[in-house]
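J.: Curious how this folds, go ahead:
(chains A and B)
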2 protein chains.
Amino acid sequence: MSPSPPTPAPAELARAARAASRTLQALPSEARVAALHRVADALLARKDEILAANAEDVADARRLLAEGRLAAPLVDRLVLTERKLATLADGIRAIAAQPEPLGEVLRRTELAPGLELTQQTVALGVLLVIFESRPDALPQIAALSLRAGNGLLLKGGKEAERSNTVLHRVFTEALAPDVPAASVGLVHGRAAIADLLALDDVIDLVIPRGSASLVRHIQQHTRIPVLGHADGICHVYVDVHADPERARAIVVESKTDYPSACNAMETLLVHRQAWEAGLGPALCEDLRAAGVTLFAGPRLAAITDLPPAESLSHEYGALACAVELVDDVDGAIAHVNAHGSGHTESIVTADPATAERFLARVDAACVFHDASTRFADGYRFGLGAEVGISTARIHARGPVGVQGLLTTRWVLRGHGDLVAPFSRGERRFTHQPLD
Amino acid sequence: MSPSPPTPAPAELARAARAASRTLQALPSEARVAALHRVADALLARKDEILAANAEDVADARRLLAEGRLAAPLVDRLVLTERKLATLADGIRAIAAQPEPLGEVLRRTELAPGLELTQQTVALGVLLVIFESRPDALPQIAALSLRAGNGLLLKGGKEAERSNTVLHRVFTEALAPDVPAASVGLVHGRAAIADLLALDDVIDLVIPRGSASLVRHIQQHTRIPVLGHADGICHVYVDVHADPERARAIVVESKTDYPSACNAMETLLVHRQAWEAGLGPALCEDLRAAGVTLFAGPRLAAITDLPPAESLSHEYGALACAVELVDDVDGAIAHVNAHGSGHTESIVTADPATAERFLARVDAACVFHDASTRFADGYRFGLGAEVGISTARIHARGPVGVQGLLTTRWVLRGHGDLVAPFSRGERRFTHQPLD
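T.: Numbers count the residues shown, from 1 in each chain, chains lettered A, B, ... in the order given. This next block holds a predicted model:
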């Protein structure tokens, strides 16, 4: 393993990423695609180097685990294997195989004869992605960014420092000769983040992937737009018309499949009649059997012995959740819109009109009918991968893949056209859609 | 004129707009369209009331003008006429006639048999639009917002206070019975803005329309995303292959048609050989003849007597501009990317390859070939109207019409689907595009 070169200052890295993104955008599609295939090859060819660095990170993490200073799931997520690298390489080839995202024509209009306006997709610019722990995120995010022609700055967690450094080196060395290595910059040290968050003239979008406290810290310390979500307060609403078996399966999976995921259920809402008919208590029994601690909202607390929930806007992120009664689907919609975080909301009902009412009126990035909240994910949605899930209303919403890393521009091609003849009424706008 | 009811607190107005936007989104398209036609009718039917209030604003403004405390163009922009109201009503009917923007399906995917994902357009939520002087902006912005199902808070300039109050009353009274009046709130007093800018949990987007200092003030005082532009530093680049007549017409119009507009030219870039061949001096002569004061960039200052420009990143916003030499189209691209504000950039050249190089490599919301920068405008682009022009890279870029006031959501319709069978390999994602 060769020694790391001295790290440039964060602002320098950012400006280099801006310049690199302009070079990238001027390259033909095939050049960006070929570079991604070289990256996929390199991840396999240089696996020994990658796994050796990862083994050092994992050994350190196990020591911290033994000392009780790190949680076991964090260690598991840190581990890279030959199989994980093969999956990563496949994922990068899948991103390379997606249709060319740049230069897509969204709208073409003849403003007047000989004056044609095109709205087309272009790269967003420079992204800063801050991610915790899982080192396989590095090549995934870098591949999505490169496919979309963006410059990228990455800041990983310190537990994965050695793994990230080698993955970054392997990725960027595979970009030569035509794609600039500066397209993907790796930033070291916590202090660098503060410097980067001040560069609102160079960085176009910040994507924090990690704990709610990380995301909130970023949101509060930058004027750069932030894409992501601080909270994932997701609900499953079990209607009076719910199929009981579907309800039981969806509720249990939504809570227990991966309790710390942002798309896990945090509050179960049950139609009062479904509760009285016995489905509510059965759902609670299922959850308890799966190890889930239950807390009651005020209406349910009045009729059961469950301990009261301190808040109905709480993300447990663990094997615990709140349960509350609602009178009908409108009560569920009102509850979700008041307490949810706009992430993922699911209704279980066999009545199509009730389902459509919920889908239309719940205000969230993802709204589901008779499906587990765990489907809210870029890979499962068919986006190839995701750089994160956004609960913001502007720009990209929900799981964000390549499409969320683009912007648009307007290209007008004329023949010496002036506005004066239009102002004087000598020429008229046709505004004719083309294609 | 009936007395105004007591104004509710800004936070109350904002929360009412959020609730109203949810009602609006649940209304059928026809209800929102019919309300816009009622608004158009009311603007004509109640013209005496509107023009009387406007006459009072104009009289006050004329007094300030006589005292030298207000500029003449501001007074002109304040004046409403019967003809302007008719144009406004027509514009609102045109917005009503646009294809329904809500619920448009952007992508439909079969994730697996029986599990269908739809990405569709939805309203953005609640907008805050701060605009100066021109009262006809009020019904235009309100119509665009309503068409897109959004709640809206408007804050106008104090010179137009009476006009805005009556226009707002006429607009909202025409919404009854099915569209809530709270869909469009009018905010009074400068202090209210600070309160509103703090409501990042209720307001989704702020659109400041006005001076660069207003926009910068807003950007620096809120965590709500801001759509707009502080600067409009637009260039026209006259290439060595430019048609001289086209160049002269485009340069003069881009600077002089409306010098204070954001899409007016602030810097003229001339290919060195075009300068030496005499086209550069001719362009300067034309501009001077049109009353434009010229300042030279450092390279031009070395060979002419023009006074040096203090900065090449300056928005004159008046009959003045900078002129600078570049060696070729790549020099022009580098200059624009270094000094432009990403608004509107135009090249004049008869060489298609040079034009395409400029269009592809200049990083701006609008890039033009052989056309006046003054075409950068929502109406001229065929968007019906605009709430503003954005130089941000995220969300909407360039002139923003109804499409820029939308977001998307993901709707998943299943039949009791869980992720577990996919994780276990018993089911496979098909990710089949539908339609």
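J.: What lies in contact with the helix or strand residue A:144 falls within?
T.: If you go by DSSP states H and E, residue A:144 is part of helix A:137-147. With contacts defined as Cβ atoms under 8 Å, 6 or more residues apart in numbering or on different chains, helix A:137-147 is touched by A:24, A:32, A:35-36, A:39, A:43, A:88, A:91-92, A:95-96, A:98, A:101, A:127, A:129, A:131, A:151-152, A:154, A:156, A:164, A:167-168, A:171, A:175, A:179, A:183-184, A:209, A:384-387, A:401-402, A:405. (Glycine included, C-beta is placed from N, CA and C.)
J.: Can you tell me which of those are classed as buried?
T.: A:24, A:32, A:35-36, A:39, A:43, A:88, A:91-92, A:95-96, A:98, A:101, A:127, A:129, A:131, A:151-152, A:154, A:156, A:164, A:167-168, A:171, A:175, A:179, A:183-184, A:209, A:384-387, A:401-402, A:405 (16 or more other Cβ atoms under 10 Å in any protein chain shown).
J.: what's the pLDDT at the residue positioned nearest the centre of chain A?
T.: Nearest to the geometric centre of chain A sits residue A:388, at 1.3 Å (Cα atoms, centre = their mean). Listed pLDDT for residue A:388 reads 88.
J.: now swap in residue A:1 and tell me
T.: 44.
J.: Quick check: what element follows the helix or strand where residue A:408 lies along the chain?
T.: If you go by DSSP H and E, residue A:408 is part of strand A:406-417. The helix or strand immediately downstream of strand A:406-417 is helix A:420-423, counting by DSSP H and E.
J.: Specify the next element, helix or strand, located C-terminal of that next one.
T.: Assigned by DSSP H and E, the successor of helix A:420-423 is strand A:432-433.
J.: mean confidence for whichever helix or strand comes after the helix holding residue A:144?
T.: Counting by DSSP H and E, the next helix or strand C-terminal to helix A:137-147 is strand A:151-155. Average pLDDT, strand A:151-155: 96.
J.: Between its first and last residues, how far does stretch A:412-426 reach?
T.: Terminal residues of stretch A:412-426 lie 20 Å apart, using Cα to Cα, to the nearest Å.
J.: and for it, what are the contacting residues?
T.: A:111-112, A:114-118, A:427-429, B:243, B:245-246, B:249-250, B:253, B:257, B:348, B:355, B:359, B:366-372, B:374-375, B:380.
J.: got it, and stretch A:210-223?
T.: A:130-132, A:157, A:194, A:197-198, A:200, A:206, A:208, A:226, A:228-231, A:315, B:219-220, B:223.
J.: Pretty sure residue A:280 sits against residue A:274.
T.: Yes: under the criterion of Cβ atoms under 8 Å, residue A:280 makes contact with residue A:274 at 5.9 Å.
J.: Show me where the stretch 251-400 of chain A has its strands.
T.: Here the stretch 251-400 of chain A has its strands, by DSSP state E, counting those that start in this stretch, at A:265-271, A:293-296, A:320-326, A:344-348, A:366-371, A:388-390, A:398-400.
J.: CA atoms only for the longest helix anywhere in chain A - export them in CSV, please.
T.: As assigned by DSSP state H, the longest helix anywhere in chain A is helix A:47-66. Provided in CSV are the C-alpha atoms of helix A:47-66 (Å, rounded to 0.1, in the frame of the first residue of the first chain):
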residue,chain,number,x,y,z
LYS,A,47,-9.8,-6.7,-3.9
ASP,A,48,-6.8,-7.8,-1.8
GLU,A,49,-5.7,-4.2,-1.2
ILE,A,50,-9.3,-3.2,-0.3
LEU,A,51,-10.0,-6.1,2.0
ALA,A,52,-6.6,-5.6,3.8
ALA,A,53,-7.4,-2.0,4.6
ASN,A,54,-10.9,-3.0,5.6
ALA,A,55,-9.6,-5.7,7.9
GLU,A,56,-7.6,-3.1,9.8
ASP,A,57,-10.7,-0.9,10.3
VAL,A,58,-12.7,-3.9,11.4
ALA,A,59,-10.1,-5.0,13.9
ASP,A,60,-10.1,-1.5,15.4
ALA,A,61,-13.9,-1.5,15.5
ARG,A,62,-14.0,-4.9,17.2
ARG,A,63,-11.7,-3.6,19.9
LEU,A,64,-14.1,-0.7,20.4
LEU,A,65,-17.0,-3.1,20.5
ALA,A,66,-15.2,-5.2,23.2
